[in-house]
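**Q** model this:
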Amino acid sequence: MNERCAQPLKVGITGLPGAGKSTVARMFAELGASVFDADEEVRRLYAPGGEAARMLLERHPELDDGKGGINRGKLREQLRNSLEFLKELEEVVHPLVATARARFVEDAARTGAPLAVMEIPLLFETGAERGLDFVIWVEAPEEVRRARLRQRPGFDAELNAALEARLLPAAEKRRRADAIVDTSSDMEDTRRQVEELRVRLLAKA
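**A** Model prediction:
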């Protein structure tokens, strides 16, 4: 295995809720990149037998979905009642997701993948950029993001606004990113941007 394959270029994708992070990550996967699905990992951690479910239910049995997993509706209700619970939630979930990402990078290296692409919603807030080679900021106008979010099952506009208010300013994160993908147009335009970025990243890998 050559040196490039042994150390893939570590790429982070981040952006505000509804910006299109998962769409961009999926497009990278469709183009053959190894991609870490953050949402899927959190679902696994909250599922019956998941490590986050076990740790949270020890402290908050009322969150049980009846099968030993986390009821996402009850979780949102807990956050609505007390945003202080968010800190506790992050202390449990963030280290577990970070460990899963590290395993993902190791697997990418073993398979010789030149790129290890990771969707990290709280990339700058958690300091994850320190372990990355390249950061992509995904953005869309607020009205576009809100329209997308309203289509999500269980979306709570008030809770989402409260959670967004705790984030670093978007302008600061945009400034710190290495590249920007604007998803406000059609899917083909977004795909064109991703394809161009992939070529650029492969040249760096």
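
**Q** Helix or strand next in line after the helix ranked longest in the chain, which one?
**A** Ordering each helix of the chain by length in residues (DSSP state H) puts helix 84-110 first. Remark: after helix 84-110, the chain's next helix or strand is strand 115-119, criterion DSSP states H and E.

**Q** Just the element for Arg76, please.
**A** helix 72-81.

**Q** who's in contact with that helix?
**A** With C-beta atoms under 8 Å, 6 or more residues apart in numbering as the test, helix 72-81 has contacts from 46, 60, 62-63, 65, 85-86, 89, 154, 156, 158-159, 163. C-beta: built from backbone N, CA, C; applies to glycine.

**Q** how about that helix: buried residues?
**A** Leu75, Gln78, Leu79 (16 or more other C-beta atoms under 10 Å).

**Q** can you list the residues that contact the host helix or strand of Glu41?
**A** Glu41 belongs to helix 38-46 when elements are defined using DSSP H and E. By C-beta under 8 Å, 6+ apart, the residues outside helix 38-46 that reach it are 22, 50-53, 69-70, 72, 75, 93, 96-97, 100, 118-121.

**Q** Tell me the buried residues within those.
**A** By neighbour count, with 16+ other C-beta under 10 Å, those hold 22, 50-53, 69-70, 75, 93, 96-97, 100, 118-121 as buried.

**Q** which two of the residues you listed lie the greatest distance from each other?
**A** Maximum pairwise distance in the buried ones among the contacts of helix 38-46, criterion C-beta to C-beta, is 24.2 Å, between Gly69 and Met118.

**Q** what sits against the residue most central in space within the chain?
**A** Geometric centre of the chain, nearest residue: Ile120, 3.2 Å, by C-alpha atoms, centre = their mean. Counting by C-beta under 8 Å, 6+ apart, Ile120 touches Gly12, Ile13, Thr14, Ala38, Arg101, Thr126, Ala128.
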